[in-house]
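Chemist: Provided below are the primary sequence and the corresponding predicted coordinates.
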Amino acid sequence: MQQGNFTLHHPGAPERRVQVRVEGPEGYERAGKALPHILVLHGFKGFMHWGFFPELSQRIAQRSMVAVSLNTSGSGVGDDLETLSEEEAFFRCTFSHDLEDLDLVRRHLLENGPCVDKDRLAIWGHSRGGGMALLHAERWGDYKASVLWGPINRVKIFDEETRLRWREEGEVQIPNGRTGQVHRIGLDLLDDIERNATQLDILGAAARTQTPTLIVHGSADEAVPLGDAESIHAALPKNTGHLCVLPGAGHTFGAKHPFEGCSEDLEAAFGVSMDHLQRHLPLSD
């Protein structure tokens, strides 16, 4: 496989950096052949090197496609691409920033990517990233496929009591069960949720999208209820979406960080997802 890493900065806001990792078939840039490119977006407290994401990128590359993974500008991930050490970036994260990050990476690819097939773009998101992937794909309207794993169906994920306390205290604290850290999120996210409800309406975007959309969700998802996936699927136009429910599977389909290999659930999720991509991004001659 051929890999590369680079960092993008938002014009006018250089402190907002987006770390990007590209992986494609060996020698694809030298060959000069345009290939399908798939944007890959992590979820909340996730990052592009977490758990199954490197395996996902490899599998995409093995299918003669190119995976373009990113850490959002609000991910909090530091220079080592592994540690959530950028607390100020995490503090200021918003859903709208996630969408701007996707736009930034997309624009860079289309303007600078040497082998991007502009007619064969797809997007893949997990959890929060799944909801953002759907919003992004609907806004652009030219993606040939979307894959959503365990997606959220709304951005208003905190209850009223929490939001009131958040507004009063100026921040909300989020524990990280994996690292033991306690992350702080400021009012930027709450303001974003309240001010941009229409632009961040995931179910509304689902009802409008024309992108063939696969949703994969575990019936035992402990983080995002199966009902979120079911409501997205119900909102999609007829013959646009497919919902694959994996019985007994959790939010990460058995994957952990550091990655310990593929479980049966993860293999099943990979299998149906790769089939979806290849169905809608057929290889050219």
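Modeler: That came in fine, so what should we check first? On a predicted model such as this, the values are computed, not experimentally measured, just so you know.
Chemist: So which bits of the lowest-mean-pLDDT helix or strand in the chain are buried?
Modeler: Ranking every helix and strand in the chain by mean pLDDT, DSSP states H and E puts helix 28-31 at the bottom, with a mean of 85. Buried residues in helix 28-31, counted by 16 or more other CB atoms under 10 Å: 28-29. No exception for glycine: its C-beta is placed from N, CA and C like everyone else's.
Chemist: what's that helix in contact with?
Modeler: 2, 35, 66, 114-115 (CB atoms under 8 Å, 6 or more residues apart in numbering).
Chemist: got it, and stretch 11-24?
Modeler: For stretch 11-24, contacts defined as CB under 8 Å, 6+ apart pick out 1-10, 35, 48-49, 57-58, 60-61, 65-73, 75, 77, 81, 89, 97, 101, 104-105, 108, 115.
Chemist: how far is that stretch from where the chain is centred?
Modeler: A distance of 15 Å separates the centroid of the chain from that of stretch 11-24, by CA atoms, centre = their mean, to the nearest Å.
Chemist: Next: stretch 78-89.
Modeler: 18 Å.
Chemist: From the opening residue of it to its closing one, how far?
Modeler: 10 Å (CA to CA, to the nearest Å).
Chemist: low pLDDT regions in the protein?
Modeler: Regions of the chain meeting the criterion pLDDT under 70 cover residues 1, 284-285.
Chemist: Mind jotting down where the helices sit in it?
Modeler: Assigned by DSSP state H, the chain shows helices spanning 28-31, 53-62, 87-91, 95-112, 128-140, 160-169, 187-195, 202-208, 226-235, 264-280.
Chemist: Can you say which of these is packed in most?
Modeler: Highest mean neighbour count of the helices of the chain: helix 128-140, a mean of 25 (counted as mean count of other CB atoms under 10 Å).
Chemist: Could you check how far that helix is from the centre of its chain?
Modeler: 8 Å.
Chemist: and that helix with helix 226-235, angle?
Modeler: 10 degrees (axes from the mean of the first three to the mean of the last three CA atoms, to 10 degrees).
Chemist: Please list the residues outside helix 128-140 that contact it.
Modeler: 39, 41-44, 46, 95, 98-99, 102-103, 106, 123-125, 143, 146-155, 199-200, 202, 205-206, 208-209, 211, 213, 215, 232.
Chemist: how about residue 190, what does it touch?
Modeler: The contact partners of residue 190, by CB under 8 Å, 6+ apart, come to 163, 166-167, 172.
Chemist: what do you get if the cut-off is 10 Å, keeping everything else the same?
Modeler: Each residue near residue 190 by CB atoms under 10 Å, 6 or more residues apart in numbering is listed here: 94, 156, 158, 162-163, 166-167, 170-172.
Chemist: circling back to that earlier point, can you flag the buried ones in the contacts of stretch 11-24?
Modeler: For the contacts of stretch 11-24, a neighbour count by 16+ other CB under 10 Å gives the buried set as 8, 10, 35, 48-49, 57, 60-61, 65-73, 75, 77, 89, 97, 101, 104-105, 115.
Chemist: Quick check, residue 208 in contact with residue 141.
Modeler: Yes - Residue 208 lies in contact with residue 141 (CB atoms under 10 Å); the separation is 9.0 Å.
Chemist: Spatially central residue in the protein, please.
Modeler: By CA atoms, centre = their mean, the chain has its centre lying nearest to residue 41, at 2.3 Å.
Chemist: returning to what we had before: just the contacts of stretch 11-24: which are in strands?
Modeler: Residues of the contacts of stretch 11-24 located in strands (DSSP state E): 2-10, 35, 66-71.
Chemist: Thanks a lot, see you next time.
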